[in-house]
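Q: curious how this folds, go ahead:
(4 chains)
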4 protein chains.
Amino acid sequence: MAVAGATGYAGGEILRLLLGHPEVEIGVVSAGASAGSRLGEHQPHLVPLADRVVTDSSVQTLRGHDVVFLALPHGASAQVAAELDPDTVVIDCGADFRLLDAAAWEQFYGTPHAGTWPYGLPELPGQREKLAGTRRIAVPGCYPTTGTLALLPAVTAGLIDPADVVIVAASGPSGAGRSLKRHLLGAELMGSASAYGVGGVHRHTPELVQNLTACGGSGVAVSFTPMLVPMSRGILATCSAPVRDAGLTTEQAHRAYLDAYADEPFVHVLPAGHWPQTQAVLGSNAVHVQVAVDPAAGRLIAVAALDNLTKGTAGGAIQCMNLALGLPEALGLSTVGVAP
Amino acid sequence: MAVAGATGYAGGEILRLLLGHPEVEIGVVSAGASAGSRLGEHQPHLVPLADRVVTDSSVQTLRGHDVVFLALPHGASAQVAAELDPDTVVIDCGADFRLLDAAAWEQFYGTPHAGTWPYGLPELPGQREKLAGTRRIAVPGCYPTTGTLALLPAVTAGLIDPADVVIVAASGPSGAGRSLKRHLLGAELMGSASAYGVGGVHRHTPELVQNLTACGGSGVAVSFTPMLVPMSRGILATCSAPVRDAGLTTEQAHRAYLDAYADEPFVHVLPAGHWPQTQAVLGSNAVHVQVAVDPAAGRLIAVAALDNLTKGTAGGAIQCMNLALGLPEALGLSTVGVAP
Amino acid sequence: MAVAGATGYAGGEILRLLLGHPEVEIGVVSAGASAGSRLGEHQPHLVPLADRVVTDSSVQTLRGHDVVFLALPHGASAQVAAELDPDTVVIDCGADFRLLDAAAWEQFYGTPHAGTWPYGLPELPGQREKLAGTRRIAVPGCYPTTGTLALLPAVTAGLIDPADVVIVAASGPSGAGRSLKRHLLGAELMGSASAYGVGGVHRHTPELVQNLTACGGSGVAVSFTPMLVPMSRGILATCSAPVRDAGLTTEQAHRAYLDAYADEPFVHVLPAGHWPQTQAVLGSNAVHVQVAVDPAAGRLIAVAALDNLTKGTAGGAIQCMNLALGLPEALGLSTVGVAP
Amino acid sequence: MAVAGATGYAGGEILRLLLGHPEVEIGVVSAGASAGSRLGEHQPHLVPLADRVVTDSSVQTLRGHDVVFLALPHGASAQVAAELDPDTVVIDCGADFRLLDAAAWEQFYGTPHAGTWPYGLPELPGQREKLAGTRRIAVPGCYPTTGTLALLPAVTAGLIDPADVVIVAASGPSGAGRSLKRHLLGAELMGSASAYGVGGVHRHTPELVQNLTACGGSGVAVSFTPMLVPMSRGILATCSAPVRDAGLTTEQAHRAYLDAYADEPFVHVLPAGHWPQTQAVLGSNAVHVQVAVDPAAGRLIAVAALDNLTKGTAGGAIQCMNLALGLPEALGLSTVGVAP
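A: As a prediction, the model looks like this:
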């Protein structure tokens, strides 16, 4: 396994999980500007890899691995991927190959569409099968994974009208990567909650629409608002949509969720009356989900929590790697969070 | 001025603000279980009051003040208020007298309705006038203040359909008071976001409906979901509703907001492109608001930030006190937050 | 394996680690007041154990296990332990059996001394051998583990005078347990650092003296000051003492530390110029250590970081369990932290 | 009043406090790279100044004000100050003019010594008089203010031997300024405590030595270790030194502290048994101090808490401005913190 972008947050999390995976050997760890330094300078938590020397992210260094993880800035993956052997499993944690719709890509990213790879969310209907044996995987965005898993049973069971979905999601700043931006400074974030990307402009919006459509929704429209809250990791998404049947009860919705996720290894529908908290999934590949129906408002509300770096990025990537390689899907991944 | 419940968070904040108010003298500070102790043991930040002895909250100790602030648990205010002189300004920070609708009260609080006092949100249409000279004030809940001020211009200007309002609000735990509950422990809260009161069951829901109705909305329905995030203070509310006119632009909405709040001393509509952050209003009576229209989702999204203990409770209370006493409305209150 | 006190923080962490241990089966999970409830209500992060029913902590329920972990309040372990079979491995995470000196026990704890068990810090000179095959283990306090491992090489190599040790350690509140105390509320902790137990009165002081004496120090005296800082987990201890040789350099001290810990599986001396951060050890059994000499002040300063719940409690307990059972010492334990 | 460096944290805090000062008018607000932008883009909490246009920091724009605050990077103040009128009160929040000892300056800062201005810590013996009417003020570093005020009474009363002072101080990252550095990113700081500048190399060390010497200490040596903890603001310093008299009691030390600070407007010695917490001084100019004697360790331990941006920088600056202008020393400054 090679990891390109090993000095960032996503790359570090991939390496953390690979260190606990029984069937992998970590090969090249690469990064752009930091080539030549020791990995321990950038990722002091990865003690067993502290003395690894970071290489550059050229195709030459990445070649010759069975699996290459790309944790690169948006737009950088296409060229690297094109030069890697077609038999290499290439897992892109960036956005480049997530969208089916070239027009949506261009609208939200402003660059030509690079193409579409199999979408790395095995929980989507029929998607697990498409990922088995594939050699190219587009890892979903962290918000789309959260919002999709929150609403999937409601859409597949036809409980809601997906034309008026509202998603408000709180995230820690690690989802924005290790970039030196003023609004990501600790002094600005601690003790503060803030909204950003409001009004349908966040790039994860078309991905949410695509996923809910893949669940069987027609005419899907999503109002998505992300916010930053003071925690390193974690996403909590509150998602709602009008119920189709005014008589739908919370118990019925909860039952539909239990049924839909009965066989999913990582999605855990909480018992009635308990609501997700991100702490409970920290560092794990688990997603905690709960649902309620508000008859006065006529909406079903589903809440999901996951760790944006684990199930939201690196854990999801390894789950897909397992499928691509024919390994047990949950190998090397945990449902146990680090709490409190 | 007397403050009943002086050892809690709301009571402490009232005292903090009264210490900076040029026209008040702080009289009795009272609390139930802590009577006889020094205030400094409970509120070490209130240095000038450190040696004040906390009295019990009986009517005997509270009598004889021009203004009595009640920062007591829900249900405790009615009896105290009944025995205070009708000429005393009584400002209740609890919920007892907020709701007009006795049935809604009983549904959400499960006890008989104590009555309705003038509602302490001067920004509501016509409300400032009702508060001038009143002797009884029901201070709004912190979430209703935030959500109402986020959406007020959109409702009064008829921009949205208030029958499908969705509000998701992140709050720090000080809004829950100084109660010894497991989910309020620091170890459970830090590094974690969690939802609670989901599905239309939070007690602030009917108050939000009442307020948006008072803004002129008809058939108001609100799906309200609160969440706890790791910061001591602050609320960030993301509020949305369907636009009435599919062609409404963000610029038009922003202009309507600027117009609606042009004369408000504490509501600050941010310049285009800037979104509220709770840090910017910390400790102040300011509310920061911004709005956008998402044409694909057909919704207007408004975000508001305030400090739940200041404008959300104690600052709002003192703003109303100023109106009741005929003082300048903004006296002793600030729009300057403590940041970073 | 049985865990008594399974609904607290230490008990939860033991269970988290046992879930990842290849050689254990989790038996009874018990707690006092919560008997009869599902474990998932208390520890939502332990998904695989969500449906386990919590039993009472009586000897009857704990009997019949090869290993019993006691994560009980101070003073509660002695009686339970006395009634368990002598062949059962009993691992006490409380303080009852840590101290050799009955007088020190009585001075700091105010109750009769229950006795002394083998002390569960394998890194102490000669201690690993004493733990092999033992059936009773007293898990060290979290601060003593941190401070001892910070200074051990300096004491064993005779670099410092242990008669004037100063330790100041910042900790998250999970070390104080899941108790409902006002100063542990999130609203009081977030955004705040505070000192407590100042002036030699904290109960971990005699344990620090005992440990540094066990490292070969004579006339040991420790000024220990703990503080609470806003993070759920982690301890960062800054420890210093006068150097014996005024010419000692940082390089020499660093070399002594590398030598002393060369074979330790969990203590990681950082490369020159890098200083510990608790994030890097979160959830892991690793301890990160660094050292410097300040010639102007004539002191050696060592800093150590660990996770108070892992290496500081539950991980240390399992490390000792491995030794007691003759398993590889590091089995089921990780040196990889969860960061950022 | 003009503020140079108005877009940084220190500059923002100066402006925040000036907005509440009854005797000042805010003139030019300047900054280097941001000239031409609105202040509201950088300091959204300063609502009344939101529309001010930031100018460049040239002498031309700063001239013509009675008072000029310099909140510039180290090394930038000397040239600006040299060109300002000698009658202008120039208050430098940087380090350039703090140290008396040119050799110490060059050792720690590596540049030629610019000179020495009256040191802005009125609590130092005799210093208040030196600041009255002065036209140049060097505002102390935030750590030196904290450590000095923690130990001042112990040194002036001869209770301790200042040759073996140990100071360990936890700070929020706002003290490091608004610089885009990786270790200041929120994701790295939240949930983590870390040490830095260990071993006598932090630039505030010689300033601490200078101050304790000014308190009457001879042969002062200070081992100073700073750490970063997850809060935006605040410093908590734990300071200790050997007692001169082995029989000194905590009560005697506490009495000496009460006496020493009896007339100080901003230093508050807490009642016996209460220890400082930074939350209690947040946003205020107060310093909370407590002291204990540890007879077993033979050391006196003093703990101080302050807000690094207020009393530690901007509040201290304004306190000195008041003295320089002949205004009441406490004018426009508060001892009331924003808590919780």
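Q: and for A:Asn211, the neighbour number?
A: Look at A:Asn211: counted by other Cβ atoms under 10 Å in any protein chain shown, it has 29 neighbours. Quick note: C-beta positions are derived from backbone N, CA and C, even for glycine.
Q: from memory A:Ala185 sits against D:Arg182, does it?
A: Ala isn't right for residue A:185; it's Leu. No - A:Leu185 is beyond contact range of D:Arg182, at 10.5 Å (criterion: Cβ atoms under 8 Å).
Q: pick out whichever of the two has more residues nearby.
A: More crowded of A:Leu185 and D:Arg182, by other Cβ under 10 Å: A:Leu185, with 26 against 12.
Q: in PDB, could you pull the C-alpha coordinates for the host helix or strand of A:Asn322?
A: According to DSSP states H and E, A:Asn322 maps onto helix A:315-325. What follows is helix A:315-325, C-alpha atoms only, in PDB (Å, rounded to 0.1, in the frame of the first residue of the first chain):
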ATOM      1  CA  GLY A 315     -12.200   4.200   7.200                       C
ATOM      2  CA  GLY A 316     -14.600   4.300   4.300                       C
ATOM      3  CA  ALA A 317     -11.600   4.100   1.900                       C
ATOM      4  CA  ILE A 318     -10.300   1.000   3.700                       C
ATOM      5  CA  GLN A 319     -13.800  -0.600   3.800                       C
ATOM      6  CA  CYS A 320     -13.900  -0.200   0.000                       C
ATOM      7  CA  MET A 321     -10.300  -1.500  -0.300                       C
ATOM      8  CA  ASN A 322     -11.400  -4.600   1.500                       C
ATOM      9  CA  LEU A 323     -14.200  -5.100  -1.000                       C
ATOM     10  CA  ALA A 324     -12.000  -4.400  -4.000                       C
ATOM     11  CA  LEU A 325      -9.400  -6.900  -2.800                       C
END
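Q: residue of the stretch 1-150 of chain A nearest chain B, please.
A: Relative to chain B, the nearest point of the stretch 1-150 of chain A is A:Gln107 (9.9 Å; Cβ to the nearest Cβ).
Q: and the closest residue to that residue other than its chain neighbours, helix, strand or coil?
A: Excluding its sequence neighbours, the residue lying closest to A:Gln107 (Cβ to Cβ, 6 or more residues apart in numbering or on different chains) is A:Pro206, at 7.5 Å. With DSSP: H, G, I helix; E, B strand; the rest coil as the basis, A:Pro206 sits in helix.
Q: A:Pro206 touches A:Ala104, doesn't it?
A: Yes - between A:Pro206 and A:Ala104 a contact is recorded at 4.0 Å, counting by Cβ under 8 Å.
Q: so for those two, which residue has more residues nearby?
A: Shown here are A:Pro206 and A:Ala104; by other Cβ under 10 Å, A:Pro206 has more neighbours (24 against 17).
Q: circling back to that earlier point, model confidence score at the residue of the stretch 1-150 of chain A closest to chain B, please.
A: What the model reports as pLDDT for A:Gln107 is 97.
Q: tell me if I'm right that A:Val291 and A:Leu151 touch.
A: No - in this structure, A:Val291 is not within contact of A:Leu151 by Cβ under 8 Å, at 9.2 Å.
Q: which neighbours do those two have in common?
A: Common contact partners of A:Val291 and A:Leu151 (Cβ atoms under 8 Å, 6 or more residues apart in numbering or on different chains): A:Ala302.
Q: coming back round to it: what is the mean pLDDT for the helix holding A:Asn322?
A: Here the average pLDDT along helix A:315-325 is 98.
Q: before we move on, what about stretch A:210-223?
A: 97.
Q: that one close to chain B?
A: Yes - counting by Cβ under 8 Å from any Cβ of the partner chain, contacts between stretch A:210-223 and chain B involve A:221-223.
Q: what does that stretch contact?
A: By Cβ under 8 Å, 6+ apart, stretch A:210-223 touches A:99-101, A:104, A:119, A:121, A:124-125, A:127, A:140, A:144, A:147-148, A:151-152, A:155-156, A:158, A:162-167, A:200, A:205, A:208-209, B:240, B:294, B:296-299, B:301.
Q: swap the cut-off to 6 Å and go again
A: A:124, A:144, A:148, A:152, A:155-156, A:162-163, A:165-166, A:208-209, B:240, B:294, B:297, B:299 (Cβ atoms under 6 Å, 6 or more residues apart in numbering or on different chains).
Q: the stretch 1-150 of chain A: helices as residue ranges?
A: A:9-19, A:39-42, A:59-62, A:77-83, A:102-109, A:127-131, A:142-156 (DSSP state H, counting those that start in this stretch).
Q: among those helices, which comes closest to B:His45?
A: For B:His45, the closest of those is helix A:9-19, at 36.1 Å, according to Cβ to Cβ.
Q: show me what the closest one is packed up against.
A: Helix A:9-19 sits against strand A:2-4, with contacts defined as 3 or more Cβ pairs under 6 Å, 6 or more residues apart in numbering or on different chains; DSSP states H and E.
Q: just to revisit the earlier point, are any of the contacts of stretch A:210-223 buried, and which?
A: The neighbour-count criterion (16 or more other Cβ atoms under 10 Å in any protein chain shown) marks A:124, A:144, A:148, A:152, A:155-156, A:162, A:165-166, A:208-209, B:240, B:294, B:297, B:299 among the contacts of stretch A:210-223 as buried.
Q: and A:Ile91, how far is that from chain D?
A: According to Cβ to the nearest Cβ, to the nearest Å, A:Ile91 and chain D sit 23 Å apart.
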